[in-house]
Every structure is written in C-alpha cells, then in structure tokens.
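> next one to model:
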Amino acid sequence: MYLKLLIIQFFNDLLQQKLRAFLTLFGLTWGTTAIMLMLAIGEANKNQMLKQMQAFGQNVVSFWPGWASKSFKGLNKYRRIKFTLDDVNLIRKFPCVSKAGGKVNAGNREVKYLNKEIAFSVCGVEPDWTDLRNIQADNGGRGINKSDVIRKRRVALIGNKVKDELFGKKKPIGKYIYVLNSPFLVVGVLRPKYEASFFKEMNEDTVFLPISTFMSMFNRNYIDNIAYRPSNLKKNKQTLTSLIHFFARIKSFDPDDKTAIGVWDMTDSDKFIGDFSLGLQIFMGVVGIFTMTVAAIGVANIMNVIVEERTKEIGVKMALGIKRYIIMLQFVFESFMFTLVGGIFGLLISKLVCTGLRIMEVKGMGKPEVTVYVAVITTVVLGIAALLAGFFPARRASKLDPVEALRWQ
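Down below sits the predicted model:
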C-alpha cells in the first residue's frame with residue numbers, strides 16, 4: 001500500500017515539474033542509450049575482429065623471404081633470401097612446430113574457360129598451408145590434398161570471383177580451366193569466410209594449384225611464403241627466435257637483420273584484439289558515464305526542487321511522528337523511479353537501434369546486441385547514479401526542522 005502511494009506521489013511530481021522532468025528523463029534515457037550502444041557495438045566489433053583473424057588462420061605464424069640489409073661473413077648486402085620446400089620440411093622437424101606448409105605465387109596469369117580468358121592470381125600450395133590458413137572448399141567440392149601434390153595432378157581450387165567471372169551461374173566443379181594452355185580440373189570452390197579485406201579479396205581472386213604441379217609448370221625452385229603453427233603457444237616467441245637464428249645460419253644472414261625475413265605472428269592476435277576492444281569499450285563507457293553523470297545532476301536538481309515545494313508537507317509528516325529515515329527513503333525511491341523510467345526508455349531505444357544495425361548488416365561492425373554483460377554494467381551505473389542523485393536531497397529533506405518546515409510558505 002505504501003509503495004503504491006510512493007508511485008502515485010512520483011507521477012504527481014512529474015506532472016507538476018513537466019519541463020524539468022522531461023529534460024531529466026531525456027538525459028537519463030540518452031545516457032543509458034549511450035552506455036548500452038557503446039558497450040554493445042564495442043563487443044560486436046571485438047567479435048567481428050576475432051572472426052576475421054581466425055579466418056586468416058588461428059594461432060598461425062606466417063613468414064616470407066626478404067633481402068639482407070647488412071653485409072654478413074663477406075657476403076654483400078641487398079642479397080635476396082630464398083626459401084625452398086626443403087626448408088619447409090626442416091621446419092616440420094622442429095619439436096615445437098605442430099604443422100607447417102609452403103606457398104608459391106605466380107602473380108596474375110591468364111585463366112581460360114571456353115571463350116573467356118581473364119587474368120587471376122595463380123599460386124601453388126601445400127595442403128598443410130591451406131589448412132593453416134583456413135582455406136577450405138565449399139560443400140560439394142574439395143581442396144588440394146597430399147595425393148594431388150605427390151602425383152602432380154592438374155587440379156584446381158578456385159575463389160568465388162573466379163567462379164563468378166568465368167562460369168557465371170554454371171557449376172564449375174568437374175569442368176576444366178586452362179592455365180598457360182594446360183588443362184586443370186576444377187575440384188572445389190573456396191568457402192566464403194570472414195577475413196581481413198585485403199586477404200579476402202586476394203583469395204576470392206585466386207586459383208590454387210598443387211605446389212608440385214605449379215613448380216614444374218612455372219619452372220620455380222623457390223617458395224614465397226611459409227606458415228606454421230607452434231605446438232606450445234606459450235613458447236612461441238622462443239620458437240620463432242630459434243627459427244630465425246636457424247635460417248640465419250643456413251642462409252647466411254645476420255639474425256638481427258629485420259629485412260631478411262618478414263614475420264606475421266597471429267598467435268597473440270586474440271590477446272591484442274581483446275586488449276584493443278577493452279580499451280575501446282572503456283573509452284566509450286566513460287563517455288556514457290559522463291553523460292549519465294550530467295543526467296544524475298538533473299535528477300538531483302529536480303529532487304531539490306521537489307523538496308523545496310514539499311517542505312511544509314515534510315513538516316506535517318514529521319509532526320505526525322513519521323520517522324526521518326522514512327522521509328529519506330521516500331525521496332531516494334523517487335530518484336530511483338526517475339532513473340528506472342529513463343533506463344527503461346534507454347533499454348528499448350538501444351534494443352531497437354541494435355536490431356536495426358543487425359538488419360542493415362553494417363560492414364565491419366558485426367552484430368551488436370544488448371547482452372547480459374551490457375545490461376549488468378548499465379544497471380550498476382544506473383544504480384550508482386540513482387543513489388548519488390537521490391541521497392543528498394533525501395538527506396536534506398530528512399534533516400528539516402519540523403517547526404521551521406511548518407512555517408514554510
């Protein structure tokens with residue numbers, strides 16, 4: 001019954017202070033919406049970035065040969081460093097490496113199907129390299145396997161752009177394309193995946209061949225890229241350092257020469273993305289909290305006005321014997337009601353905006369949603385704002401002298 005009276009009193013105060021109440025609720029709604037959207041979008045961006053990195057290849061280290069920028073043991077600088085398939089096999093023998101594979105590129109080459117001839121990127125790959133890089137065939141097809149490499153088969157895995165431009169709506173699997181006038185049987189089409197835009201476009205525009213077939217056809221003895229996965233992620237830094245020193249010894253370059261071997265270490269990408277996203281969320285959350293603080297000041301302001309207007313009423317209640325803590329709780333409750341109503345409006349707006357963003361599928365944003373994590377953080381912030389906004393006006397009301405309050409005009 002008493003709760004019902006408090007709620008009725010709250011709405012009466014709203015009607016008496018329409019403009020102040022509207023501005024206060026607007027600030028609370030805006031603050032709640034800002035916090036929720038910033039946290040939701042930050043979480044969605046983090047998940048999107050993780051998907052992209054995992055699509056590139058989870059816990060993978062990729063490196064490629066460069067050039068010697070320093071003279072070493074009588075050898076001139078500016079020498080090209082070269083990798084071979086034998087080097088890949090040496091890496092496989094390292095106890096701290098679970099899998100390794102190589103790749104070689106030919107750049108853009110004319111690829112022909114019937115009367116269509118278009119330039120696409122052509123490369124030779126080992127099956128382990130495609131596994132590490134998460135390059136998989138879509139349903140109904142297959143990728144490059146070990147048997148293809150051993151037997152030097154003329155088979156090809158093609159990207160979706162190659163399929164669309166050469167075959168249109170036709171099914172490419174089982175049909176032949178020509179590279180350097182040599183026929184290759186299409187055995188699979190690349191499965192679409194989330195990936196950083198540069199690599200996504202490169203793979204969509206690529207024809208993958210068995211590395212042995214490729215090297216024979218293009219008369220290549222060297223490879224352009226090696227990827228490996230460490231067996232122990234915690235010791236990967238030591239593993240990578242050991243590999244660089246090993247190659248420095250057999251390829252004759254200074255192990256401190258940063259241009260001799262290019263390295264892209266993806267093993268700590270999850271931590272990097274997590275730290276980056278956390279920093280972004282903290283920044284956006286702080287902005288939302290500042291907005292909420294302004295709204296809380298608005299709540300405190302309107303509660304002070306209400307205390308002023310109801311001073312005589314407070315005096316009557318005290319004269320009738322109502323305890324001071326009851327009066328204090330009444331005003332704290334009203335401040336909670338302000339934040340509750342503003343929070344509900346903010347929640348509804350946030351849900352609508354997140355739903356709209358998911359429907360529109362904004363590129364690079366992921367799928368923002370108001371999760372339990374977002375809701376809990378926002379609830380805590382709202383609770384603190386309500387407590388701070390209502391406490392001081394409520395304490396002021398509870399400390400009024402009954403006699404002076406009754407004299408208030």
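
> state the three-state secondary structure for the residue nearest in space to the middle of the chain.
With distances taken as Cα atoms, centre = their mean, K46 lies nearest the centre of the chain, 2.3 Å away. Classification of K46 by DSSP: H, G, I helix; E, B strand; the rest coil places it in helix.

> what sits against Y78?
W67, A68, S69 (Cβ atoms under 8 Å, 6 or more residues apart in numbering). Every C-beta, even on glycine, is put in place using the N, C-alpha and C of the backbone.

> could I get those as a markdown table with pLDDT and neighbour count?
Formatted as a markdown table, the contacts of Y78 follow (pLDDT from 0 to 100; neighbours: other Cβ atoms under 10 Å):
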| residue | pLDDT | neighbour count |
| --- | --- | --- |
| W67 | 91 | 14 |
| A68 | 90 | 21 |
| S69 | 89 | 15 |
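
> who are the packing partners of the helix or strand hosting I250?
Per DSSP states H and E, I250 falls inside helix 236-251. Secondary-structure packing of helix 236-251 (3 or more Cβ pairs under 8 Å, 6 or more residues apart in numbering; DSSP states H and E): strand 61-65, helix 85-92, strand 261-265.

> looking at the ones you listed, which is closest to G168?
strand 61-65 (33.8 Å; Cβ to Cβ).

> neighbouring strands for that closest one, and are they parallel or not?
When pairing is defined by DSSP bridges, strand 61-65 lines up against strand 225-230 (antiparallel), strand 261-265 (antiparallel).

> partner residues bridging F83?
Here F83 sits in beta bridges with I223, going by DSSP bridges.

> how about it, what does it touch?
Taking Cβ under 8 Å, 6+ apart as the criterion, F83 is in contact with W64, P65, G102, Y222, I223, D224, I226.

> neighbour-wise, which of these leads?
Ranked by neighbour count (other Cβ atoms under 10 Å), those have I223 at the top, with 27 neighbours.

> surely that residue and L85 touch.
Yes. The pair I223 / L85 is scored as a contact, 6.3 Å apart, by Cβ atoms under 8 Å.

> if I look at the two, which residues touch both of them?
G102, I211.

> can you pull out the helices in the stretch 151-300 of the chain?
Using DSSP state H, counting those that start in this stretch, the helices of the stretch 151-300 of the chain run over 160-167, 197-204, 211-217, 236-251, 269-309.

> among those, which gets the worst mean confidence?
For the helices of the stretch 151-300 of the chain, mean pLDDT drops lowest on helix 197-204, to a mean of 56.

> rewinding a little: return the most buried member of the strands paired with strand 61-65.
strand 225-230 (a mean of 24; mean count of other Cβ atoms under 10 Å).

> wouldn't E126 be in contact with V104 here?
No. Applying Cβ under 8 Å, one finds E126 not in contact with V104, separated by 9.5 Å.

> overlap in contacts of these two?
Listed as contacting both E126 and V104 by Cβ under 8 Å, 6+ apart are I211.

> got the phi and psi for P255?
phi -60, psi -20 (degrees, to the nearest 10).

> can you give the domain ranges for this structure?
Structural domains assigned to the chain are 2-53+271-407, 61-265, following automatic domain parsing.

> among those, which gets the worst mean confidence?
domain 2-53+271-407 - the lowest mean pLDDT of the domains of the chain, at a mean of 73.

> of the strands paired with strand 61-65, which is nearest F338?
Using Cβ to Cβ, the strands paired with strand 61-65 put strand 261-265 closest to F338, at 51.2 Å.

> list the contacts of the closest one.
In contact with strand 261-265 (Cβ under 8 Å, 6+ apart) are residues V61, S62, F63, W64, P65, G66, I81, N236, L240, I244, F247.

> which residues does the fourth one contact?
Under the criterion of Cβ under 8 Å, 6+ apart, the neighbours of W64 are F83, D224, N225, I226, I261, G262.

> and for F72, the neighbour number?
F72 has 18 nearby residues by other Cβ under 10 Å.

> how about the contacts made by the closest residue to it other than its chain neighbours?
Spatial nearest neighbour of F72, excluding adjacent residues (Cβ to Cβ, 6 or more residues apart in numbering): D254 at 4.9 Å. When contacts are counted by Cβ under 8 Å, 6+ apart, D254 touches A68, K70, F72, A248, A260.

> can you verify the second one is assigned to a strand?
No. With three-state DSSP as the criterion, K70 is coil rather than part of a strand.
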